[in-house]
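K.L.:
Attaching a predicted model along with its sequence, questions to come.
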Amino acid sequence: MKKTSLASIFITCMSLGTAHASSSELALSYEVQWGNMKVAYGAATWVFGDRTVTMAGTATTLGAVDTFRKYRGSVKLEADAIGGLYQPKSLIIEGDYKKRRKLASTVWKKGESTVFTTRQPEIDLKKVYPLQAQQIDNSIDPLTAMLNALSHLRLTGQCGGVYNIYDGLRTATLTFHDFGKTFLASDRPTAFEGQTWRCGVTSTPTGGHRIKSRWRNEDQKIDDVVVYVAALKPDLFVPVRMEIKTMVGKVTTRLVMPSLSFKQAEGE
């Protein structure tokens, strides 16, 4: 699996958020498999207050992929919770691949449309498409987009929403599609089993993506990426599985159920 494919999997894996009860902490981990081979592992801790949310996550390659395509990634998010919706304050993403470090730190100023980013190194315009100011301004990050989509699901019972997202390196339009409810059978000892919502996710790149890429699907379908979301508690909606169709087979991300830890403040 190439670096571009791994990076997209890690970003999506770390974007798996939760619609939640206020004043709570949620820790959870995900395993990524390509066929029957474990290729990556991600972990995140979400802390929700009455008006704020923070998240810290890490991701790493495993097995043979770690030997030949070693990658380590991390992400930190801080966001405001306003009227049941989320607005990013800052996002820091960092990755190490083949001993090359890449960092992007982005700040959204409250009440302003302008977004500020510091990158190390700067993007290489010989390899990627340029970023456009109109795509960055009034954007939100992928994690916040997932939180808002899960809140929409919790309130309406349907997957939906269109978001202009920016992670400091790339911009895209993220669209959620509703496929209704389905029973998800456990196919691994630590996987979730139960009733879920089946949501399709499509992403249309608008800047920062590679000019030459064998992994980009120009004819993507709304079920190429499917996220299964379960209500683990009445107000706790969590993605429990994600399936991505690729040119080299299906990549599946599963919530490791024993890793899940949910703590709610007393009196909530």
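P.N.:
Sure thing, it's come through. Residues are numbered from 1 along each chain as shown.

K.L.:
And residue 160, how far from residue 200?
P.N.:
11 Å (Cβ to Cβ, to the nearest Å). Where C-beta positions appear, they are placed from N, C-alpha and C, glycine not excepted.

K.L.:
neighbour-wise, which of the two wins?
P.N.:
residue 200 (17 against 13; other Cβ atoms under 10 Å).

K.L.:
Just to check, that one is in contact with residue 222?
P.N.:
Yes. With contact defined as Cβ atoms under 8 Å, residue 200 and residue 222 form a contacting pair (4.2 Å).

K.L.:
overlap in contacts of these two?
P.N.:
Jointly contacting residue 200 and residue 222 under the rule Cβ atoms under 8 Å, 6 or more residues apart in numbering are residue 177.

K.L.:
quick one, strands of the stretch 51-200 of the chain?
P.N.:
52-61, 71-82, 85-97, 100-108, 115-120, 162-166, 171-184, 194-207 (DSSP state E, counting those that start in this stretch).

K.L.:
Quick check: which ranges of this protein have low pLDDT?
P.N.:
Counting by pLDDT under 70, the chain shows low-confidence ranges at 1-22, 214-218, 265-268.

K.L.:
Just grab the bridge partners of residue 182 for me.
P.N.:
When bridges are called by DSSP bridges, residue 182 pairs up with residue 196.

K.L.:
same deal with residue 27?
P.N.:
Beta-bridge pairing of residue 27 under DSSP bridges involves residue 45, residue 261.

K.L.:
Quick check: buried residues in the longest helix belonging to the chain?
P.N.:
For the chain, the helix reaching the highest residue count under DSSP state H is reported as helix 142-156. Neighbour counts over helix 142-156 (16 or more other Cβ atoms under 10 Å) mark 142-154 as buried.

K.L.:
do the same with stretch 47-59
P.N.:
47, 48, 53, 54, 55, 56, 57, 58, 59.

K.L.:
can you put the residues you listed in TSV and add distance to residue 130?
P.N.:
What follows is these, written out as TSV (distance: Cβ to Cβ, whole Å):
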residue	distance to residue 130
47	36
48	36
53	31
54	31
55	29
56	31
57	28
58	30
59	27
